[in-house]
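Fold the following for me, if possible:
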Amino acid sequence: MNPECLFVLDHYNDYISGELTPEKANRVEAHIKICPNCEVFLGKAFKIHGRTLGLLRVPAPETLRTSISSLFDKV
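Residues are numbered from 1 along each chain as shown. Below is the predicted model:
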(Lines give C-alpha, C1' and ligand atoms only; values in the text may rest on other atoms or scores of the structure.)
Protein backbone atom coordinates (compact mmCIF):
# COMPACT_ATOMS: atom_id res chain seq x y z
CA MET A 1 0.00 0.00 0.00
CA ASN A 2 1.46 3.34 -0.99
CA PRO A 3 1.77 6.35 1.35
CA GLU A 4 -1.19 8.18 -0.24
CA CYS A 5 -3.46 5.19 0.37
CA LEU A 6 -2.33 5.16 3.99
CA PHE A 7 -3.04 8.89 4.19
CA VAL A 8 -6.61 8.28 2.98
CA LEU A 9 -7.07 5.47 5.51
CA ASP A 10 -5.74 7.64 8.32
CA HIS A 11 -7.92 10.63 7.45
CA TYR A 12 -11.09 9.29 5.83
CA ASN A 13 -13.31 9.83 8.86
CA ASP A 14 -12.29 13.47 9.21
CA TYR A 15 -12.69 13.88 5.44
CA ILE A 16 -16.23 12.50 5.52
CA SER A 17 -17.09 14.70 8.49
CA GLY A 18 -15.70 17.78 6.76
CA GLU A 19 -13.09 18.30 9.46
CA LEU A 20 -9.94 18.16 7.32
CA THR A 21 -8.02 21.26 6.38
CA PRO A 22 -8.54 22.26 2.75
CA GLU A 23 -5.00 21.10 1.95
CA LYS A 24 -5.56 17.63 3.40
CA ALA A 25 -9.00 17.35 1.79
CA ASN A 26 -7.47 18.25 -1.57
CA ARG A 27 -4.82 15.58 -1.02
CA VAL A 28 -7.51 12.94 -0.40
CA GLU A 29 -9.50 14.08 -3.44
CA ALA A 30 -6.45 14.08 -5.71
CA HIS A 31 -5.58 10.57 -4.63
CA ILE A 32 -9.02 9.04 -5.08
CA LYS A 33 -9.05 10.36 -8.65
CA ILE A 34 -6.16 8.05 -9.49
CA CYS A 35 -6.69 5.16 -7.06
CA PRO A 36 -9.78 3.05 -7.72
CA ASN A 37 -9.34 1.08 -4.48
CA CYS A 38 -9.41 4.20 -2.33
CA GLU A 39 -12.28 5.62 -4.37
CA VAL A 40 -14.36 2.50 -3.69
CA PHE A 41 -13.33 2.46 -0.02
CA LEU A 42 -14.26 6.11 0.47
CA GLY A 43 -17.56 5.62 -1.34
CA LYS A 44 -18.48 2.76 0.99
CA ALA A 45 -17.36 4.78 4.01
CA PHE A 46 -19.64 7.66 2.93
CA LYS A 47 -22.59 5.27 2.65
CA ILE A 48 -21.94 3.78 6.08
CA HIS A 49 -21.56 7.26 7.56
CA GLY A 50 -24.86 8.37 6.04
CA ARG A 51 -26.71 5.31 7.28
CA THR A 52 -25.25 5.71 10.75
CA LEU A 53 -26.34 9.34 10.93
CA GLY A 54 -29.79 8.27 9.84
CA LEU A 55 -30.00 5.86 12.75
CA LEU A 56 -29.03 8.58 15.19
CA ARG A 57 -31.78 10.92 14.04
CA VAL A 58 -34.52 9.70 16.32
CA PRO A 59 -37.01 12.38 17.27
CA ALA A 60 -37.03 13.27 20.95
CA PRO A 61 -40.28 12.75 22.81
CA GLU A 62 -42.33 15.91 23.25
CA THR A 63 -41.95 15.77 27.02
CA LEU A 64 -38.16 15.85 26.71
CA ARG A 65 -38.23 18.75 24.27
CA THR A 66 -40.57 20.68 26.57
CA SER A 67 -38.31 20.04 29.57
CA ILE A 68 -35.23 21.19 27.70
CA SER A 69 -37.00 24.29 26.40
CA SER A 70 -38.12 25.24 29.88
CA LEU A 71 -34.53 24.86 31.14
CA PHE A 72 -33.30 27.23 28.43
CA ASP A 73 -36.02 29.72 29.34
CA LYS A 74 -34.66 29.80 32.90
CA VAL A 75 -31.11 30.61 31.79
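
So which elements touch the biggest helix by length in the chain?
Taking DSSP state H as the criterion, the chain has its longest helix at helix 36-56. When contacts are defined as 3 or more CB pairs under 8 Å, 6 or more residues apart in numbering; DSSP states H and E, helix 36-56 packs onto helix 3-16, helix 22-34. Every residue, glycine included, has its C-beta placed from N, CA and C.

which residues are contacting the strand or helix carrying I68?
Under the criterion of DSSP states H and E, I68 resides in helix 62-74. Outside helix 62-74, the residues that touch it by CB atoms under 8 Å, 6 or more residues apart in numbering are A60.

List the buried residues for it?
By neighbour count on 16 or more other CB atoms under 10 Å, the buried set for helix 62-74 is empty.

Nearest the middle, which residue of this protein would you pick?
Nearest residue to the geometric centre of the chain (CA atoms, centre = their mean): S17, 2.9 Å.

Can you report how many residues neighbour the residue nearest to it when sequence neighbours are not counted?
Leaving out its chain neighbours, the residue that sits closest to S17 by CB to CB, 6 or more residues apart in numbering is H49, at 7.8 Å. For H49, the neighbour count with other CB atoms under 10 Å is 14.

Next: L42.
20.

What score does it have for pLDDT?
You'll see L42 listed with a pLDDT of 96.

for it, what are its contacts?
L42 is in contact with 8, 12, 15-16, 28, 32, counting by CB under 8 Å, 6+ apart.

and those residues as TSV, adding distance to T63?
Below are the contacts of L42 laid out as TSV (distance: CB to CB, whole Å):
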residue	distance to T63
V8	45
Y12	39
Y15	38
I16	34
V28	43
I32	46
